[in-house]
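A.B. asks: Structure, please.
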Amino acid sequence: MFAPTFQGFKLILGSSSFSRKKILGEAGYQFTTMSADIDEKGIRKEKPEDLVMALAEAKADAIVGKLKTIEKKEKYEDPTVVITSDTVVVYEGEIREKPSSKEEAREFLKGYSGGHAATVCSVVVTNLCSGLRKGDWDRVEIYFHDIPEEIIEKLIEEGIVLHVAGGLLIEHSLVLPYIKEVVGEIDSVMGLPMALTRKLVEDVL
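C.D. replies: Predicted structure coming up:
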């Protein structure tokens, strides 16, 4: 079911995110994808770091459970690694997940205009052969120029911002001109910090 990668292990990305698939593919990994389909709103933590770690762990547990059902295996003989991740935006101390409406997305984007936000992204890597699991999180600070209202309205109308944490898409062509500074790795903001991911994969193998 899962094609072996050139590193000698099978890799499963536990996400349907286009950005995460793009980042992992551009890093040279061959992988398959599987969606966790968990109730993210049912998991609550006060600290953003704790929340993203709990969500990535829950996604990993869900995918491991799915694989056991599909593959009918309790243990894998060949190294098989599952990567799960979660991202939130932190703005003025508050955790922001995916906007629940266009109105909330608009409020989020107006808040970023001329201001500052941060992303907190977790990565959890599970070795299905050994059962070993490692995880950690990464934080990136983002500073914005003023974002014109017409740009915000175009983003809302397009709709992609409704499906990402905090309505934040710094790689979007409409948003990029209004990014003043990013302190940290862009791939972390997009949902998968590759330096951390590589380290965790190495740690579980």
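
A.B. asks: how about the helices of the protein, start to end?
C.D. replies: 18-26, 48-71, 102-112, 149-158, 186-189, 194-204 (DSSP state H).

A.B. asks: Most tightly packed of those?
C.D. replies: When those are scored by mean count of other Cβ atoms under 10 Å, the highest mean neighbour count falls to helix 186-189 (a mean of 22). All C-beta spots, glycine's among them, are computed from the backbone N, C-alpha and C.

A.B. asks: remind me which residues of the protein are low pLDDT?
C.D. replies: Within the chain, the ranges that satisfy pLDDT under 70 run 1-7, 71-77.

A.B. asks: Compare the helices of the chain and give me the one nearest residue 137.
C.D. replies: helix 48-71 (5.1 Å; Cβ to Cβ).

A.B. asks: Mind listing residues that contact that closest one?
C.D. replies: Helix 48-71 has contacts (Cβ atoms under 8 Å, 6 or more residues apart in numbering) with 1, 12, 14-15, 34, 36-38, 40, 43-45, 73-74, 82, 84-88, 90, 95, 120-124, 126, 128, 133, 135, 137, 139.

A.B. asks: Out of the helices of the chain, which is closest to residue 78?
C.D. replies: Counting by Cβ to Cβ, residue 78 lies closest to helix 48-71 out of the helices of the chain; the figure is 11.6 Å.

A.B. asks: a markdown table for the helices of the chain, including distance to residue 170?
C.D. replies: Shown next, in a markdown table, are the helices of the chain (distance: least, Cβ to Cβ, whole Å):
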| stretch | distance to residue 170 |
| --- | --- |
| helix 18-26 | 11 |
| helix 48-71 | 18 |
| helix 102-112 | 10 |
| helix 149-158 | 12 |
| helix 186-189 | 6 |
| helix 194-204 | 16 |
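
A.B. asks: residues contacting the closest residue to residue 102 other than its chain neighbours?
C.D. replies: Nearest in space to residue 102, with sequence neighbours left out and distances taken as Cβ to Cβ, 6 or more residues apart in numbering, is residue 156 at 5.3 Å. Going by Cβ under 8 Å, 6+ apart, residue 156 touches 102, 105, 106, 109, 162.

A.B. asks: still on that earlier bit, quick one: closest of the helices of the chain to residue 143.
C.D. replies: Going by Cβ to Cβ, the one of the helices of the chain nearest residue 143 is helix 102-112, 9.4 Å.
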